[in-house]
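**Q** Okay, structure incoming, though there's no sequence with it:
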């Protein structure tokens, strides 16, 4: 079993623990009414997109998400939440340094013995969700679960659905498709972005992601008999039929969308295996992006 497989199968237990510990972090996570930004890189940024929508829709306050490198320095926030598994990512550390003394910051990380501990005002440590793999799975979804629980939006059904996502076979013929499109709505747009990233990282597959309603505005034109179009969350009316008319394979399920992401992670590993690739050694990637003076 690869590190990725081992770590993705441990997600239900990690989620249950994060949810049970969420109340203990209430003193540093954003309270209702604050204007908040959530930042990260890659997978962490996409989790931030999901949290931002969830928090605003729950009535907790205006919430934005940014790639750490694209944070608008002139925009005021009450608190900035940084998601960083490694605690060493250059763009996150640089941003926290710029915010020091003017905006309250909290970092959610898997490793407290890294520079982020000194860079952020507050720290939330999810060391039980740390990973050896380059391709992130459980840390990101555990951080999202922690924040869903903090917002009062997590239920035990999410963990049950995650276990189902691990046990249920993937749809027949899905692994053989040559291109993959993931769709989301609202908070699941971030999950769709992450699912497509997992496919690219682990299996070098042609994978894209869109808001579901935007899919009709051009991207559906590339859908063919070799395409799988995967909806995370509730689909717009008529979209499944439109995809079927193209000859593409429509994938949708009744699981919590975060559990649906677990199924997409499984697909990425399965496609990698079918193509003779090692998902623990993705091309051109390292576990943390640390930029030197010449490239920073």
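**A** Perfect, thanks for sending it. Because the structure is predicted, anything quoted here is derived from the model rather than measured.
**Q** What is the burial count for the closest residue to residue 136 other than its chain neighbours?
**A** Counting by C-beta to C-beta, 6 or more residues apart in numbering, residue 136 lies nearest to residue 43, which is 4.4 Å off, once chain neighbours are set aside. The way it works is simple: take the backbone N, C-alpha and C, and place the C-beta from them, glycine included. Neighbour count of residue 43, defined by other C-beta atoms under 10 Å: 23.
**Q** just checking, residue 43 touches residue 140?
**A** Yes - the pair residue 43 / residue 140 is scored as a contact, 4.6 Å apart, by C-beta atoms under 8 Å.
**Q** which neighbours do those two share?
**A** residue 194 (C-beta atoms under 8 Å, 6 or more residues apart in numbering).
**Q** List the buried residues for whichever strand or helix holds residue 13?
**A** Using DSSP states H and E, residue 13 maps to helix 11-21. Residues 11, 12, 13, 14, 15, 16, 17, 18, 19 are the ones in helix 11-21 that count as buried (16 or more other C-beta atoms under 10 Å).
**Q** Which parts of the chain are helices?
**A** Using DSSP state H, the helices of the chain run over 3-9, 11-21, 43-57, 90-99, 116-119, 138-150, 156-167, 188-203, 239-246, 257-274.
**Q** any residues touching the fourth one, and which ones?
**A** It stands for helix 90-99. Residues outside helix 90-99 that contact it (C-beta under 8 Å, 6+ apart): 39-41, 67-69, 71, 73, 80, 82, 84, 105, 107, 115-116, 119-120, 289-291, 296.
**Q** same deal with the second one?
**A** Outside helix 11-21, the residues that touch it by C-beta under 8 Å, 6+ apart are 126, 128-129, 137-138, 141-143, 145-146, 148-149, 154, 156, 158-159, 162-163, 166, 262.
**Q** Take the residues you listed and, keeping just the buried ones, write it as a PyMOL select command.
**A** Burial among these is assessed by 16+ other C-beta under 10 Å; the matching PyMOL selection reads:
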select buried, resi 126+129+137+138+141+142+143+145+146+148+149+154+158+159+162+166+262
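**Q** Among the helices of the chain, show the one with the smallest mean pLDDT.
**A** Least confident of the helices of the chain, judged by mean pLDDT, is helix 3-9 with a mean of 91.
**Q** Could you verify my assumption that residue 9 touches residue 163?
**A** No - using C-beta under 8 Å, residue 9 is not in contact with residue 163; the gap is 9.7 Å.
**Q** hey, what's in contact with both of those two?
**A** Common neighbours of residue 9 and residue 163 (C-beta under 8 Å, 6+ apart) do not exist.
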